[in-house]
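Chemist: Got a sequence here, can you build the structure:
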Amino acid sequence: MQLEKTGDLLVDAPPGASDTMKIFLSGLYQETNSFSPIRTDIDTFRRGYLLAGEAIRTELTGTNTEIGGFYSALEDDPEPMEIIAGHAAWAVTSGPLKREALEELTEAMVESLRQALPVDGVLLSLHGSQAADHLDDCEGWILERVRSVVGPSLPIVCSLDFHAVVTDQMLKQADVFVGYRTYPHVDMGETGSRAAQALLRLIRTRPELEIRFERVPMILPVDHTETVEGPMADLMGQIRRWD
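Modeler: Numbering: from 1, shown residues only. Okay, here's the model as predicted:
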């Protein structure tokens, strides 16, 4: 079921209002190093990538990125579908974002979503450990902005890095998070595909979801968290069995 925009309100569109599913996708991705003295600005993203609209499909389709995985799963789906790309920004690890950079990039994403309405679901590529000079939880704030546009019931699925810091605000705003399962990271495209498949399942089946989240009071030594051997490999094997 789609949402239809009437003035400033979002209401359920009548059945049959559209025969084609509409999926909006976007991304704002950086792992922040709060110890770095080099602040992240718009130029930092331009040196990575800063894309909008059709350029996202052109540049990222077929790449081992989460957005590349979004396209792979959505375009392989047998049902008719319209994929609407908003904005996608990626920057190398650096210091916290300058406030104006975060606000400019987020507003571009949110405005492109407003222009795309009505949509059936939203896919976002975020990191999970992005911070700004004035804000520790950038992802929670971004998701809150997106949720304010689409309303409380529209499915939002978000891909995250293996080393995401999942906050209460993030859990409140999104329906499903899908994280990498490899370290060193090699499954970014696969993660995007799993996220897109999860969104399609949410749209088609409308399951009742209950989120449970437990923070374990432990610090993991990085050399014991590789996923090809050792305890983390055992844990990832268990996750695959649960799948």
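Chemist: going forward, measure contacts between C-alpha atoms and count neighbours the same way
Modeler: OK.
Chemist: Now do stretch 125-132, average pLDDT.
Modeler: Averaging pLDDT along stretch 125-132 gives 98.
Chemist: what's next to that stretch, contact-wise?
Modeler: Outside stretch 125-132, the residues within contact range by CA atoms under 8 Å, 6 or more residues apart in numbering are 26-32, 34, 66-67, 96-99, 102, 136-139, 158-161, 163-166, 192.
Chemist: Of those residues, which belong to strands?
Modeler: Under the assignment DSSP state E, those contribute 26-29, 158-160 to strands.
Chemist: Whichever of the contacts of stretch 125-132 end up buried, select them in ChimeraX.
Modeler: In ChimeraX syntax, the buried subset of the contacts of stretch 125-132 is picked out as below (16 or more other CA atoms under 10 Å):
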select :26,27,28,29,30,31,32,34,66,67,96,97,98,102,137,138,139,158,159,160,161,164,166,192
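Chemist: so where's this structure shaky on pLDDT?
Modeler: Low-confidence segments of the chain, defined by pLDDT under 70: 1-18.
Chemist: Let me see the ranges of the helices in it.
Modeler: 42-47, 54-60, 66-76, 99-116, 138-150, 168-173, 188-205, 231-242 (DSSP state H).
Chemist: distance between the first one and the chain's centre?
Modeler: Here helix 42-47 shows a centroid-to-chain-centroid distance of 20 Å under the convention CA atoms, centre = their mean, to the nearest Å.
Chemist: now swap in the last one and tell me
Modeler: Mean C-alpha position of helix 231-242 versus that of the full chain (CA atoms, centre = their mean) differs by 23 Å.
Chemist: For it, C-alpha coordinates in CSV please.
Modeler: Extracted C-alpha coordinates of helix 231-242, given in CSV (Å, rounded to 0.1, in the frame of the first residue of the first chain):
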residue,chain,number,x,y,z
PRO,A,231,35.0,-17.1,17.8
MET,A,232,33.4,-14.5,15.4
ALA,A,233,33.5,-17.1,12.6
ASP,A,234,31.6,-19.5,14.9
LEU,A,235,29.0,-16.8,15.7
MET,A,236,28.5,-15.9,12.0
GLY,A,237,28.1,-19.6,11.3
GLN,A,238,25.3,-19.7,13.8
ILE,A,239,23.6,-16.7,12.2
ARG,A,240,23.6,-18.4,8.9
ARG,A,241,22.0,-21.4,10.5
TRP,A,242,19.3,-19.2,11.9
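Chemist: Can you get me the centre-to-centre distance for stretch 111-118 and its chain?
Modeler: With CA atoms, centre = their mean, you get 17 Å for stretch 111-118.
Chemist: let's number from 15 now, not from 1
Modeler: In the new numbering, first residue 15, that becomes stretch 125-132.
Chemist: C-alpha coordinates for that stretch, PDB please?
Modeler: C-alpha atoms of stretch 125-132 as PDB (Å, rounded to 0.1, in the frame of the first residue of the first chain):
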ATOM      1  CA  GLU A 125      13.800  16.800  -0.100                       C
ATOM      2  CA  SER A 126      14.300  14.200  -2.800                       C
ATOM      3  CA  LEU A 127      12.200  11.800  -0.800                       C
ATOM      4  CA  ARG A 128       9.400  14.400  -0.500                       C
ATOM      5  CA  GLN A 129       9.500  14.900  -4.200                       C
ATOM      6  CA  ALA A 130       9.300  11.100  -4.800                       C
ATOM      7  CA  LEU A 131       6.100  10.600  -2.800                       C
ATOM      8  CA  PRO A 132       4.100   8.400  -2.800                       C
END
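Chemist: Pull out the buried residues from it.
Modeler: 126-128, 131-132.
Chemist: swap in stretch 207-219?
Modeler: 207-214, 216-217.
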